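Enquirer: here is my input; please provide its structure:
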Amino acid sequence: MGTYNIYCDESTHIENDGHPYMILSYVSAPYHLLKMYNKSIREMKLNHFYKGEMKWSSLSKSQYPLYNEIIDFFFSNDLNFRAIIVDKAELKHSKFHQDHNTFYDKMYYQLLNKKLEPDCNYNIYIDIKDSYSYLKARNLKNYLERDYSNIRNLQVIRSYESELMQITDVLMGAINYKLRNLNQVTAKNNIIKKIEKLLGKPLNEKTPPYERKFNLFFIKLQ
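Expert: Below you'll find the model as predicted:
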């Protein structure tokens, strides 16, 4: 029994944005540890003279020490990460009589489905990207409540409001960077190497379904 907060984010999720992969992900944390975790992350930011929110896109050489410490923090605490990765070359919306928004809602459901324990309660937060985010949250809530009665709260928030949402962005950004073979920024390459060392496998390989700490699911569209 217990309550968990789940912080969801997405990357290169628009159908024709020129990027090959759509990624949806989350970081989850026990509710009773949230204050301690947020306090620790804010202290790390202060120690590194870092202002604002952490984002994979802003990671550079000068910011590497903080991000390096954040990765250690994630792997040494009771935080879990999950991502589902879709190769957009495999999209066949017309075959399934759906548009991309409907597919997107289905993938968000898949991100969370079977990862919610029946004897626990959940607060789910989604990073607000645009006006569609509110509809997305409502649709996801409707999907989940058909199968789960333990969703206490599901709402959109802005990423700067949540330290753990920012960690979701960093971990997801590392996966997308690896998948796209982008090697231009040394600090990003080093963070990826660190994650892979702690994980014990490359970021472009799936993990077993039962993996809890860092779960990667590459969806094969039929």
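Enquirer: counting by contacts, list what the lowest-mean-pLDDT helix or strand in the chain packs against.
Expert: One helix or strand of the chain scores below all others by mean pLDDT, DSSP states H and E: helix 100-112, with a mean of 80. With contacts taken as 3 or more CB pairs under 8 Å, 6 or more residues apart in numbering; DSSP states H and E, helix 100-112 sits against strand 2-11, strand 21-30, strand 80-87, helix 132-147, strand 214-219. (Glycine included, C-beta is placed from N, CA and C.)
Enquirer: need the ones you listed in CSV (columns: mean neighbour count, distance to residue 126 and mean pLDDT).
Expert: Formatted as CSV, the helices and strands packed on helix 100-112 follow (neighbours: other CB atoms under 10 Å; distance: least, CB to CB, whole Å; pLDDT from 0 to 100):
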stretch, mean neighbour count, distance to residue 126, mean pLDDT
strand 2-11, 22, 5, 94
strand 21-30, 23, 9, 95
strand 80-87, 21, 14, 94
helix 132-147, 15, 5, 85
strand 214-219, 18, 18, 94
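Enquirer: in CSV: those, plus distance to residue 57.
Expert: Below are the helices and strands packed on helix 100-112 laid out as CSV (distance: least, CB to CB, whole Å):
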stretch, distance to residue 57
strand 2-11, 10
strand 21-30, 14
strand 80-87, 17
helix 132-147, 19
strand 214-219, 21
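Enquirer: nearest to residue 123 among the ones you listed would be which one?
Expert: strand 2-11 (4.8 Å; CB to CB).
Enquirer: tell me where the model's unsure across this structure.
Expert: Within the chain, the segments meeting pLDDT under 70 span 12-19, 91-100, 102, 131, 222.
Enquirer: can we see that at 80?
Expert: Where the chain drops to pLDDT under 80, the residues are 1, 12-20, 88-104, 129-133, 221-222.
Enquirer: beta partners of residue 5?
Expert: residue 29, residue 123 (DSSP bridges).
Enquirer: just the one 5 residues further on next, same as before
Expert: For residue 10, the beta-bridge partners are residue 24 (DSSP bridges).
Enquirer: quick one, what contacts it?
Expert: Listed by CB atoms under 8 Å, 6 or more residues apart in numbering, the contact partners of residue 10 are 22, 23, 24, 25, 127, 129, 172.
Enquirer: what sits against the residue lying closest to residue 11 once chain neighbours are set aside?
Expert: Once flanking residues are discounted, residue 11 sits nearest to residue 23: 4.5 Å by CB to CB, 6 or more residues apart in numbering. The contact partners of residue 23, by CB under 8 Å, 6+ apart, come to 10, 11, 12, 13, 83, 84, 85, 86, 172, 175, 176.
Enquirer: how about a cut-off of 10 Å?
Expert: Contacts for residue 23 were tallied using CB atoms under 10 Å, 6 or more residues apart in numbering; they are 9-13, 83-86, 107, 111, 172-173, 175-176, 179, 216.
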